[in-house]
Each structure stands twice: as structure tokens, then as C-alpha cells.
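**Q** got a sequence here, can you model it:
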Amino acid sequence: MTKHLPGTLTRALLISLLVTLTACSIFGPRDPSRIQLVGIEPLPGEDLEMRFAVKLRVQNPNASPINFDGIALALEVNQQPLLSGVSDQRGQVPRYGETILHVPVSLSAYAALRQAWGAAGYQDGKGLPFELHGKLAGGWFDTWRFNDRGILNWPQLPAR
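**A** Numbers count the residues shown, from 1 in each chain. Next up, the predicted model:
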């Protein structure tokens with residue numbers, strides 16, 4: 001019985017190597033998705049907290065759809081944390097298609113004060129640099145991390 005153990009073990013290792021290589025070839029290389037900040041809209045807030053809806057355009061340059069089940073993001077302005085949020089929304093970005101996601105985010109009073117202090121020299125009509133980080137969750141092998149950079153022009157606050 002001990003004679004057959006090395007042969008059985010070798011076959012098991014070869015089969016598991018073959019299965020692993022086959023799985024890798026099924027997933028194959030994919031082009032990175034493009035996720036860009038396209039807008040920020042005010043939402044009703046509570047007490048010392050301000051709320052916004054961050055609008056993201058998700059583009060899929062691949063031949064297979066992107067299924068997602070959750071999104072998380074953080075927005076920095078002037079290299080300082082400003083907004084963060086999560087959403088359990090789920091959906092699909094079609095193959096060679098795009099979709100717009102709305103993610104609710106929070107702005108704490110502390111982050112607002114820090115930004116006000118840092119933007120003391122801000123001039124109306126001049127944007128502030130931003131960096132957006134996040135992930136579009138889709139399971140073990142399909143989580144898409146993203147970054148976007150640019151200039152942010154703040155939306156007008158609604159009149160009361």
C-alpha cells in the first residue's frame with residue numbers, strides 16, 4: 001500500500017496543477033475598468049454631518065459583463081480626507097458598456113473644518129485637486145479597485 005502512495009500523490013498534484021492552470025486561463029487577462037467621478041450632489045444631512053451623492057461613471061472595456069455587489073469609496077481634496085461612503089447596491093456593467101452609480105457619502109464637521117482651513121486661499125472659479133479611491137466588489141476574483149484624479153469644482157448649495 002505504501003508503494004502506491006507516491007504515485008497517487010503525484011497524480012493528485014498533477015491534477016490540481018492542471019485544474020489551477022485551466023481556471024487561470026478561463027479568467028484570462030482583462031482590461032481594467034474605468035471609473036470616473038462625474039458629479040457630487042447635495043443630500044439631506046443630519047446635525048453636524050453633511051451628506052452628498054457621488055456620481056461615478058463605470059466603463060467596461062471587456063467582452064464579459066462586470067457583476068458587482070457593493071461599492072466603497074473615499075475622496076480626498078487638497079490631499080486631505082473629505083468624503084467617504086459605502087453602498088450595498090448590486091448590478092451589472094454590460095460588456096463594452098457603461099453605467100452611472102450614485103453612492104451616498106458623509107462629510108464630518110471635522111473634515112469640513114480641516115478643508116476650510118486648507119482652502120482659505122481658494123478663489124471662486126478655481127478648482128481644488130481631488131483624488132478618489134475605492135473598490136467595486138464582485139466576489140473573490142472580481143473586485144475592481146479604482147483611482148481617479150482631477151480638479152473639483154464644488155456644487156452650489158441649495159437655497160433655503
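
**Q** and the spatially closest residue to S64 that is not a sequence neighbour, how many residues sit next to it?
**A** In this structure, S64 finds its nearest non-sequential neighbour in R95, 5.7 Å apart by Cβ to Cβ, 6 or more residues apart in numbering. C-beta here means a position set from N, CA and C on the backbone, and glycine is covered the same way. Counted by other Cβ atoms under 10 Å, the residues lying close to R95 total 12.

**Q** where does R95 fall, secondary structure wise?
**A** Using DSSP states H and E, R95 sits in no helix or strand.

**Q** list the contacts for it?
**A** Applying Cβ atoms under 8 Å, 6 or more residues apart in numbering, we find R95 in contact with N60, N62, A63, S64, P65.

**Q** I'd like the distance between it and S16.
**A** 31 Å (Cβ to Cβ, to the nearest Å).

**Q** what do you get for L132?
**A** According to Cβ to Cβ, L132 stands 40 Å off from S16.

**Q** and these two? which has more neighbours close in?
**A** Using other Cβ under 10 Å, the more surrounded residue of L132 and S16 is L132, with 21 against 10.

**Q** secondary structure class for that one?
**A** Per DSSP: H, G, I helix; E, B strand; the rest coil, the local secondary structure of L132 is strand.

**Q** go ahead and confirm it touches D148.
**A** Yes. Using Cβ atoms under 8 Å, L132 is in contact with D148, at 4.3 Å.

**Q** shared neighbours of those two, anything?
**A** Common neighbours of L132 and D148, counting by Cβ under 8 Å, 6+ apart, are L37.

**Q** poorly predicted segments of this structure, please.
**A** 1-6, 17-29, 116-126, 139-141, 154-160 (pLDDT under 70).

**Q** so if we follow the domain assignment, how does it break up?
**A** Domains of the chain are assigned by automatic domain parsing as 1-27, 31-152.

**Q** and those, which is most packed in?
**A** Stretch with highest mean neighbour count among the domains of the chain: domain 31-152 (a mean of 15; mean count of other Cβ atoms under 10 Å).

**Q** quick one: that one to chain centroid distance?
**A** In terms of Cα atoms, centre = their mean, to the nearest Å, the centre of domain 31-152 is found 7 Å from the chain centre.

**Q** any idea how far apart the tips of that domain sit?
**A** Distance between the boundary residues of domain 31-152 (Cα to Cα, to the nearest Å) amounts to 27 Å.

**Q** stretch 43-55 now?
**A** The straight-line separation of the ends of stretch 43-55 (Cα to Cα) is 12 Å.
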